[in-house]
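*Asks:* give the three-dimensional model of this entry:
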Amino acid sequence: MLDLYFWTTNNGYRARTMVEETGLPYTLHPVALPKKEQMSESFRKLHVGHKIPVLVDSEGPGGPINIAESPAILRYLAEKTNSPLIPKDPREKVEMEVWFSYGVSTFCMVVAQWGHFHLRSQEDVPGAKKYFDQYARDMYSVIDKRLEGRDYFVGRAMSLADYAHYADVRAYHEHIKPQDFANLGPWYERISARPAVQRAYKPIAD
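*Replies:* The predicted model follows:
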């Protein structure tokens with residue numbers, strides 16, 4: 001049985017989408033960040049780093065296991081279920097690893113800074129806003145170029161590389177619009193239409 005400790009952040013949705021993608025039964029445990037529930041003693045027992053998401057697998061290797069960090073959760077679940085989201089073809093697997101890493105380490109961090117300075121910061125910092133706007137839009141152009149002639153980041157099949165990028169693109173889609181990019185727009189609609197994605201983005205109360 002899986003337990004997912006979750007809040008409505010990009011990383012939280014990335015993990016929830018992957019759990020839905022596997023089809024494995026799970027229980028969703030909201031951890032309200034505005035109430036600082038991640039700082040509670042009970043949650044710190046799950047993850048000393050007091051960050052969501054955390055996946056608890058009662059049937060992990062060697063017994064129950066806690067997995068933190070959304071990239072680790074994606075990979076763990078893909079490997080646990082022998083998911084086609086990890087390509088079997090050696091060359092495609094290497095390409096997946098490249099773009100998975102780009103999504104969860106490079107793209108993710110830059111768009112998070114864009115979101116901070118443009119939407120969440122209580123202090124107006126024009127220089128930072130300009131810098132991260134240029135930086136983020138350059139990265140959107142990079143992934144748009146990668147998707148040229150492709151349905152997904154690795155050829156015609158979904159992979160972890162697509163989920164590495166999707167949550168961040170979706171989080172800011174009203175501000176940096178995927179439809180403004182020739183290839184990113186169709187990709188975004190394609191991923192958004194997946195049943196697992198639609199289930200993952202349902203309100204917590206549902």
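
*Asks:* in the chain, which residue is closest to the centre?
*Replies:* The geometric centre of the chain, computed from its C-alpha atoms, lies nearest to Arg14 (C-alpha atoms, centre = their mean), at 3.0 Å.

*Asks:* isn't it right up against Tyr163?
*Replies:* Yes. Counting by C-beta atoms under 8 Å, Arg14 does reach Tyr163; the two are 6.3 Å apart. Where you see a C-beta, it was placed from the backbone N, CA and C, and this is true even at glycine.

*Asks:* can you pull out the strands in the protein?
*Replies:* For the chain, the strands defined by DSSP state E occupy 2-6, 26-30, 54-57, 65-68.

*Asks:* tell me the pLDDT of Ile204.
*Replies:* Per-residue confidence (pLDDT) for Ile204: 85.

*Asks:* hang on, the earlier thing: now tabulate the strands of the chain in CSV and tack on mean pLDDT and mean neighbour count.
*Replies:* As requested, the strands of the chain are exported to CSV (pLDDT from 0 to 100; neighbours: other C-beta atoms under 10 Å):
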stretch, mean pLDDT, mean neighbour count
strand 2-6, 97, 22
strand 26-30, 97, 15
strand 54-57, 98, 23
strand 65-68, 96, 17
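
*Asks:* can you put the ones you listed in TSV and add distance to Tyr188?
*Replies:* Listed next are those as TSV, based on distance: least, C-beta to C-beta, whole Å:
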stretch	distance to Tyr188
strand 2-6	22
strand 26-30	25
strand 54-57	26
strand 65-68	27
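
*Asks:* so what's Gly49 up against?
*Replies:* Listed by C-beta atoms under 8 Å, 6 or more residues apart in numbering, the contact partners of Gly49 are Ala68.

*Asks:* confidence-wise, which helix or strand of the protein is lowest on average?
*Replies:* helix 41-44 (a mean of 92; mean pLDDT, DSSP states H and E).

*Asks:* before we move on, back to that, so for Asn82, which of the strands of the chain sits nearest?
*Replies:* Comparing those against Asn82 with C-beta to C-beta, the closest turns out to be strand 54-57 (15.3 Å).

*Asks:* give me the low-pLDDT residue ranges for the chain?
*Replies:* 205-206 (pLDDT under 70).

*Asks:* helices along this structure, start to end?
*Replies:* Along the chain, counting by DSSP state H, helices occupy 10-22, 41-44, 70-80, 90-101, 108-115, 126-146, 160-171, 184-192, 195-200.

*Asks:* nearest to Leu55 among the ones you listed would be which one?
*Replies:* Taking the helices of the chain one by one with C-beta to C-beta, helix 70-80 is closest: 4.8 Å.
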